[in-house]
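**Student:** Based on what follows, work out the 3D shape:
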Amino acid sequence: MLVTKHDNPYRVVDRTDELMVIPNQWGLVNQLGIFQNQYVTGNTFYVDRHIMDFGVLVDLPRGTKPAAGREDKRERRHFSIPHFPIRQAILPSDIAQQSRRGTGEVDSIDLARAEKMEFIRRTLAMTTELARCKMLTTGDVYAPNGNVVLNAYTEFGVTRKDIDFKFGTSTEDPLGRGEEAIAHIQDNLNNGGVYNGAIALWSPAGFTRLINHPNVKAAYQMFASTQEPYRNRLGGNTTYFREFDFGGIRHIEYRGGIGAEKFIPDGECRILPTGTDFFKTYYGSAERFGLVNVPAQEAYYFEKMSEDDDQWTIDAETNMANMVLNPAVVVRGYSSN
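**Tutor:** As a prediction, the model looks like this:
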């Protein structure tokens, strides 16, 4: 398509396709289905804990009155849900005498709206991923401005389990460290022993040190090539995430982050069980009259034209609190050397 050259109106040039520079869409935690969504009404929720007990019987002489059993314990904790709003606006000057980039099509409010909505969806999805990773790595409910202050370890009185893999020691046993993590998870499930496996989310540096450790390499000499950690990837070789199974744990490299802030701290991992109901994302309602006493949605979008017909506004929001209801089952892996 020929257009006028910008610095010489008497010459024409071809218009080419627009070059799209789009950030990587990191969403591993969401893809793995670690967190289960819960939709509440309002901006608060509570969690009931039913602490069951059992005992072991001893024999007594016949006719002896049996001792009374211990009662189960119940407790309730109340939490607030952080609010994450975003606003985008379109002005007449944004589209007047403008062509849609790369096509030459005259811009319109519908095209501009679609672009704004795409940006909002990406932003909400990335915020959710970051918030979930914050809960896994620190135990904090993501609310960077401090409107909600909540740490799962503090709230439930749990000390996090840390395991040192000592990758700098050639005689160290990474398999044994993994088994230590599995044993800790099993001992602290407190859900009747229900889970279906364990995964480890590694930073790139930690994952590289793991697969390069001499004892890990030696172990994989006995496996078929499909199990080789240098080849096996989540979903095929075209994905972001390298992974391999080792010692009963599915180890996955997660390169995700926002700018300099990485979702998994450098050189570390988080090991956690799958198939439990400990990981929750609680969504709260929007502050709108039409949504009072209505169960929440994951995200809300509200659009309107100003009374003066001079601005189209898109308001969006998500209201969410990510929680690990049993933080004892999340293990931090790291290396001291």
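**Student:** Go through stretch 121-130 and flag the buried ones.
**Tutor:** For stretch 121-130, burial by neighbour count (16 or more other Cβ atoms under 10 Å) applies to L124, A125, M126, T127, T128, E129, L130. From N, CA and C alone the C-beta is placed, and that goes for glycine too.
**Student:** would you list the residues you listed in TSV and tack on secondary structure, pLDDT and distance to K217?
**Tutor:** Listed next are the buried residues of stretch 121-130 as TSV, based on DSSP: H, G, I helix; E, B strand; the rest coil; pLDDT from 0 to 100; distance: Cβ to Cβ, whole Å:
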residue	secondary structure	pLDDT	distance to K217
L124	helix	93	42
A125	helix	92	37
M126	helix	92	36
T127	helix	94	39
T128	helix	95	37
E129	helix	95	32
L130	helix	94	34
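**Student:** now the helices for the stretch 201-337 of the chain?
**Tutor:** 204-212, 214-220 (DSSP state H, counting those that start in this stretch).
**Student:** Enumerate the beta-bridge partners assigned to F244.
**Tutor:** Per DSSP bridges, the residues bridged to F244 are H251.
**Student:** And for it, the neighbour number?
**Tutor:** For F244, the count of nearby residues is 24 (other Cβ atoms under 10 Å).
**Student:** from the buried residues of stretch 121-130, which single one is nearest A200?
**Tutor:** Relative to A200, the closest of the buried residues of stretch 121-130 is E129; by Cβ to Cβ it sits at 17.8 Å.
**Student:** For the nearest residue to the closest one once chain neighbours are set aside, give me its contacts.
**Tutor:** Among residues not flanking E129 along the chain, G27 sits closest, at 5.4 Å (Cβ to Cβ, 6 or more residues apart in numbering). By Cβ atoms under 8 Å, 6 or more residues apart in numbering, the contact list for G27 reads A125, E129, G256.
**Student:** CSV for the residues you listed, including distance to I271?
**Tutor:** CSV is the format used below for these (distance: Cβ to Cβ, whole Å):
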residue, distance to I271
A125, 25
E129, 19
G256, 17
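**Student:** what's the model's confidence in stretch 150-170, averaged?
**Tutor:** For stretch 150-170, mean pLDDT rounds to 95.
**Student:** what's the span of it from first residue to last?
**Tutor:** 40 Å (Cα to Cα, to the nearest Å).
**Student:** for this protein, what are the low-confidence residue spans?
**Tutor:** 1-26, 49-54, 68-70, 100-104, 222-240 (pLDDT under 70).
**Student:** Look through it and report the residue furthest from the middle.
**Tutor:** G63 (58.7 Å; Cα atoms, centre = their mean).
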